[in-house]
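Enquirer: predicted coordinates and the sequence they were generated for:
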Amino acid sequence: MKVRNNKTLSLLFFVGCVLAGNLLWQSLRTVEIVAVHQRNAYSDVLVKNFPFTSRGKINWWLENKEMLKAKYDIPRPASYGGYTIIFWLFGEGYKEEGKYDRLCFDDMETKVNCIDKDSVFRISNSKNTGLELTVNGSVYRLEENGNLINIY
């Protein structure tokens, strides 16, 4: 009986270590920006290896917003100052429109210009609400002093 319990505990420990190692490896991968598509004040950013957690996504945005502006010229606010940036998982790559609910990009001159809709992070700025971050079903407001407030 004691030998069986030791084997079970050893197996559970091994599985736990493998899962923890996999989670650590995935969280340390760098975010890859595959493409940026622009429509007026809306920017669609296609990414791979985006952070899993809400905090990880928000921290990534705060650490990389200057790079996004310099390299991709986003956000591009409208004349009234508002803009929206949506980060989409690139998944299996571009696909034809087909019969699925896909997001297609008119700025590509090919039939293979759509992705499966899998948004992971949204940033919106407007005069009325200020900067709002939508992630994992929650909405946060980033105040000018840097405080992050969970709205809902």
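Expert: Ah, there it is. Residues are numbered from 1 along each chain as shown.
Enquirer: so Arg141 touches Glu132, yeah?
Expert: Yes - between Arg141 and Glu132 a contact is recorded at 5.5 Å, counting by C-beta atoms under 8 Å. Bear in mind the C-beta positions are built from the backbone N, C-alpha and C, glycine included.
Enquirer: pull up the overlap in contacts between those two.
Expert: Each of Ile151 lies in contact with both Arg141 and Glu132 under the rule C-beta atoms under 8 Å, 6 or more residues apart in numbering.
Enquirer: do you have the strands of this structure handy? List them.
Expert: 32-39, 42-48, 83-89, 95-96, 102-104, 112-116, 119-126, 130-135, 138-142, 148-150 (DSSP state E).
Enquirer: which positions in the first one come out as buried?
Expert: It stands for strand 32-39. 33, 35-38 (16 or more other C-beta atoms under 10 Å).
Enquirer: reformat the strands of the chain as JSON lines; add mean pLDDT.
Expert: Listed next are those as JSON lines, based on pLDDT from 0 to 100:
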{"stretch": "strand 32-39", "mean pLDDT": "96"}
{"stretch": "strand 42-48", "mean pLDDT": "97"}
{"stretch": "strand 83-89", "mean pLDDT": "97"}
{"stretch": "strand 95-96", "mean pLDDT": "92"}
{"stretch": "strand 102-104", "mean pLDDT": "93"}
{"stretch": "strand 112-116", "mean pLDDT": "94"}
{"stretch": "strand 119-126", "mean pLDDT": "96"}
{"stretch": "strand 130-135", "mean pLDDT": "95"}
{"stretch": "strand 138-142", "mean pLDDT": "94"}
{"stretch": "strand 148-150", "mean pLDDT": "91"}
